[in-house]
Structure formats: C-alpha cells, structure tokens
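Peer 1: All I have is the shape, not the residue letters:
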C-alpha cells in the first residue's frame, strides 16, 4: 500500500504572523492519523533572526491521559520551525520543518507522513528509563 502524504497549503511570507503560523501547525496536526486518545497542547516558543532567514519555533506536547492517570506518566514533544527566507519573494510560501524531541532528524511535512508510533516510542522509552531509576 502506498502512503499518501497529507499536507496543507502554507501561507506566504508576506501574510505570515506568529498567530497564523500557530493556526497552520494546528491545521497540519489535524491531517495526521493519530488516535483520539492522544491529547496535545501547542505553543509558540521564539522568533530567531538569522542572516538569511527568520525562524519561528513552536512546540506540540503530546500525552495520553486516562481516568486513572489524568496526568500522563510521560509526554512527547514535536518541535516545528517555520522559515521565512530573506532571499525568496514574499509571495513564496513559508518553509516548514519538524523534529521529534528524541531525534536530530529534521522532517518536512510534504515529504514525510507523521506516524503515531513515533510518539509511542518516545513515551515508552521515557517510562522504561524512569522505571530503571
């Protein structure tokens, strides 16, 4: 079976705001195939000025609360960066990247479909580590 990569239409650099970036990350997350038991909150972290671009950093923190444990034992974060190039026309769409807290691998939403298993692996590793201590 071929996986269909679902993405969204990203705003242009000239129409970008921190709030619009946050809304679009929320919109991207709705395209991910994740079970409804997962809950998350997202937030804007910082703006970074570089020589060739401006970068806007966001985070979505995931967990699975239950009746017995309304505060999850562990959480998994996904970090997003929205990049606005200083060399591309302001009518070009922003570039978006994300990475998991436990990984250095940087992914692009249009090239890689998010997998729920990645969140499970982070949480399972954190719980296993805590139990060893």
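Peer 2: Yep, that arrived. This one's a predicted model, so the numbers in the text were calculated from it and none came from an experiment.

Peer 1: which residue packs closest to residue 54, ignoring adjacent ones?
Peer 2: Using C-beta to C-beta, 6 or more residues apart in numbering and skipping the chain neighbours, the partner closest in space to residue 54 is residue 84 (4.7 Å). (Glycine included, C-beta is placed from N, CA and C.)

Peer 1: which ones are touching the nearest residue to residue 109 once chain neighbours are set aside?
Peer 2: Leaving aside its chain neighbours, residue 109 sits nearest to residue 7 (4.9 Å; criterion: C-beta to C-beta, 6+ apart). Residues near residue 7 by C-beta atoms under 8 Å, 6 or more residues apart in numbering: 28, 31, 109-110.

Peer 1: give me that answer again for 10 Å
Peer 2: Residues near residue 7 by C-beta atoms under 10 Å, 6 or more residues apart in numbering: 28, 31, 96, 108-113.

Peer 1: Same check on residue 27?
Peer 2: Residue 27 neighbours (C-beta under 10 Å, 6+ apart): 8-10.

Peer 1: In CSV: those residues, plus secondary structure.
Peer 2: Output for these, formatted as CSV (DSSP: H, G, I helix; E, B strand; the rest coil):
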residue, secondary structure
8, coil
9, coil
10, coil
